[in-house]
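Visitor: just to be clear, the model below is a prediction. Sequence and coordinates:
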Amino acid sequence: MDEVGHHLPQIVGLGVLLLFSAFFSGSETALCALNRAQLERLRLESKKSSLAIVRFLDNPRRLFITILLGNTFINTAFAILTTSIIGTSGLQVFIGTIVITFLLLIVGEITPKTYAIEHAEWFSRLAARPLWAFSVLISPLRAVLRVAIIFLIPLFGGSNKKTEDNITAEDLKALVQNDGSGLQSEEQDLLGKILEMSEIEAKEVMVPQTDMISARSNIKIQKLIQLAHQKGVSRIPIYRQSIDNICGVFHVKDLPHWSNENIQEATIDQVLMKREDFDQTLIRPALHVPETKNISALLSELSRHKTKMAILLNEYGGVSGLVTHEDLAEFIIGDIIDEHDSVHEWPDILPTDDSGQVFEILGRTSTRAVNQKLNLKIDEEIADTIGGYALSLYGRIPSVGDSIEDIDSICFEITALDGNQISALTVRLPMNEAR
């Protein structure tokens with residue numbers, strides 16, 4: 001008891017030092033845990049604590065030097081007091097070191113850091129002003145350290161010049177995926193789609209060649225207009241001999257330019273042979289691009305060529321499909337709306353019961369869309385559409401009613417065929433994949 005009373009001031013001192021250690025550790029963690037939305041809100045406040053927080057985060061070197069000096073003072077004082085209490089005996093030093101280290105880790109580091117992460121803004125407001133006062137108090141020491149840092153950094157290949165933050169796509173993705181980013185879920189989805197554009201190939205959002213609305217160049221203008229109205233399209237690719245030889249694009253809005261011409265009963269070929277000046281206005285040049293071009297680059301190319309449609313070519317030079325400006329807009333905007341609707345509102349993926357296991361899916365639906373909506377991991381490299389994926393499982397042209405399972409025990413049953421194409425199928429998920 002006398003021994004404890006003799007060392008009581010040192011023990012109290014250790015307790016105070018533990019609290020200071022917790023303060024510095026928690027302050028650093030809390031300030032660094034603030035997200036961008038919280039920081040922007042603090043900038044708009046006039047409170048002194050908010051001002052101190054903003055100043056520290058705008059000058060991280062000052063923050064870290066202040067924390068470093070504070071922890072250094074604490075650890076040095078801790079070592080001095082510990083030595084005065086436990087003495088220099090080998091066993092006492094060993095036991096005392098274990099106990100003190102444990103207390104320092106739990107009370108001075110782990111606990112305050114954990115609490116600071118969970119209550120970052122509250123802890124930052126509490127600590128900012130005292131920490132700023134301490135920073136002002138040790139200004140001479142900070143100045144010495146700053147000079148030393150400026151001298152040493154170039155020796156390790158660094159630079160003391162202030163550079164603008166270069167925000168990469170990965171930084172933006174991390175911001176979008178951060179629940180604390182301050183963005184609404186719709187805004188997160190929109191930014192996510194935009195950032196994905198450089199990774200998605202045009203063939204993933206194209207209208208496949210088998211579904212293209214096109215016409216041969218020997219079609220009459222009148223029938224071409226009827227086809228456009230019947231299918232609800234304003235642009236129709238025109239080809240000669242075969243679909244792989246697209247010579248241009250017919251645009252309905254160009255017809256008024258030729259309202260005085262008697263061309264209704266003439267074919268495209270006849271009109272072009274008779275009047276060469278029709279070529280640039282009745283049939284516009286077609287933009288051909290590889291199907292592997294990413295949709296971000298494709299948007300730029302459409303804008304550069306001042307056109308709204310691109311014909312996609314496969315590796316053999318044949319036409320694999322087409323993409324319009326509207327298709328790309330739907331990919332960004334349309335899918336976002338769909339992803340927030342219930343599964344009943346998803347146009348190409350419809351549940352057939354309430355079990356969340358059975359779905360009727362159109363064969364043209366992209367594999368990516370099925371994976372996103374049903375949270376599956378179907379290999380998107382095998383086929384762009386779910387119908388194509390099912391076809392790859394059969395290894396032949398299936399019949400209506402045929403069913404097959406993939407490696408993940410997902411069952412695919414053919415419900416409709418369009419020639420050799422799977423136009424609709426029923427997908428049954430295993431019990432552990434039920435939606």
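Guide: Happy to help now that I have it.

Visitor: strands of the protein, start to end?
Guide: Secondary structure of the chain by DSSP state E: the strands cover 207-208, 215-216, 235-239, 246-251, 283-284, 287-290, 309-313, 319-324, 349-351, 358-362, 403-405, 411-418, 421-428.

Visitor: could you dump these into CSV with mean pLDDT, distance to A120 and mean neighbour count added?
Guide: The way it works is simple: take the backbone N, C-alpha and C, and place the C-beta from them, glycine included. Formatted as CSV, the strands of the chain follow (pLDDT from 0 to 100; distance: least, CB to CB, whole Å; neighbours: other CB atoms under 10 Å):
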stretch, mean pLDDT, distance to A120, mean neighbour count
strand 207-208, 87, 48, 16
strand 215-216, 92, 62, 16
strand 235-239, 91, 53, 21
strand 246-251, 87, 56, 20
strand 283-284, 82, 57, 20
strand 287-290, 92, 48, 16
strand 309-313, 92, 48, 23
strand 319-324, 91, 45, 23
strand 349-351, 84, 40, 17
strand 358-362, 89, 42, 20
strand 403-405, 90, 48, 13
strand 411-418, 89, 48, 17
strand 421-428, 89, 44, 20
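
Visitor: which of the ones you listed sits closest to G387?
Guide: strand 421-428 (3.7 Å; CB to CB).

Visitor: still on that earlier bit, any chance of the strands of the chain in JSON lines, plus distance to I382?
Guide: Shown next, in JSON lines, are these (distance: least, CB to CB, whole Å):
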{"stretch": "strand 207-208", "distance to I382": "16"}
{"stretch": "strand 215-216", "distance to I382": "33"}
{"stretch": "strand 235-239", "distance to I382": "28"}
{"stretch": "strand 246-251", "distance to I382": "28"}
{"stretch": "strand 283-284", "distance to I382": "36"}
{"stretch": "strand 287-290", "distance to I382": "20"}
{"stretch": "strand 309-313", "distance to I382": "19"}
{"stretch": "strand 319-324", "distance to I382": "16"}
{"stretch": "strand 349-351", "distance to I382": "19"}
{"stretch": "strand 358-362", "distance to I382": "16"}
{"stretch": "strand 403-405", "distance to I382": "14"}
{"stretch": "strand 411-418", "distance to I382": "13"}
{"stretch": "strand 421-428", "distance to I382": "14"}
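
Visitor: and of these, who's closest to A390?
Guide: strand 411-418 (4.3 Å).

Visitor: what angle do that closest one and strand 421-428 make?
Guide: Using axes from the mean of the first three to the mean of the last three CA atoms, to 10 degrees, the inter-axis angle of strand 411-418 relative to strand 421-428 is 150 degrees.

Visitor: which residues touch strand 411-418?
Guide: Residues from elsewhere that reach strand 411-418 (CB atoms under 8 Å, 6 or more residues apart in numbering): 360, 363, 389-390, 393, 398-406, 422-428.

Visitor: go with 6 Å
Guide: Residues from elsewhere that reach strand 411-418, judged by CB atoms under 6 Å, 6 or more residues apart in numbering: 390, 398, 400, 402-405, 422-428.

Visitor: and the furthest pair within these?
Guide: Farthest apart among these - using CB to CB - are E405 and S423, which lie 20.7 Å from each other.

Visitor: what's the pLDDT at Q184?
Guide: Per-residue pLDDT puts Q184 at 57.

Visitor: for R129, same thing?
Guide: For R129, the predicted pLDDT is 91.

Visitor: count of residues packed around L57?
Guide: 18 (other CB atoms under 10 Å).

Visitor: please read the previous query as pertaining to L393.
Guide: With other CB under 10 Å as criterion, L393 counts 15.

Visitor: return the distance of it relative to D408.
Guide: 11 Å (CB to CB, to the nearest Å).

Visitor: state the distance from L69 to P154.
Guide: Taking CB to CB, one finds L69 at 23 Å from P154.

Visitor: what does S27 give?
Guide: Applying CB to CB to S27 and P154 gives a distance of 30 Å.

Visitor: same question, C411
Guide: Applying CB to CB to C411 and P154 gives a distance of 65 Å.

Visitor: same thing with L391?
Guide: On the measure of CB to CB, L391 and P154 end up 62 Å apart.

Visitor: pLDDT below threshold where in this structure?
Guide: Regions of the chain meeting the criterion pLDDT under 70 cover residues 1-7, 86-93, 153, 155-195, 255-262, 274-281, 333-347, 432-435.

Visitor: can you give the domain ranges for it?
Guide: Domains of the chain are assigned by automatic domain parsing as 2-156, 166-196, 202-327, 341-433.

Visitor: quick one: contacts for T426?
Guide: E360, E413, T415.

Visitor: my error: substitute L350 in the last question.
Guide: If you count contacts by CB under 6 Å, 6+ apart, then L350 has E360 around it.

Visitor: what ranges does the stretch 251-400 of the chain have for its helices?
Guide: 268-274, 295-304, 325-329, 335-339, 367-374, 386-394 (DSSP state H, counting those that start in this stretch).

Visitor: show me what counts as buried in stretch 215-228.
Guide: A215, S217, I219, K220, I221, L224, L227, A228 (16 or more other CB atoms under 10 Å).

Visitor: actually stretch 35-44, sorry about that
Guide: N35, Q38, L39, L42.

Visitor: try stretch 73-90
Guide: F73, I74, A77, F78, L81, T82, I85, I86.

Visitor: same check on stretch 362-376?
Guide: L362, G363, R364, T365, S366, T367, R368, A369, V370, K373, L374, L376.
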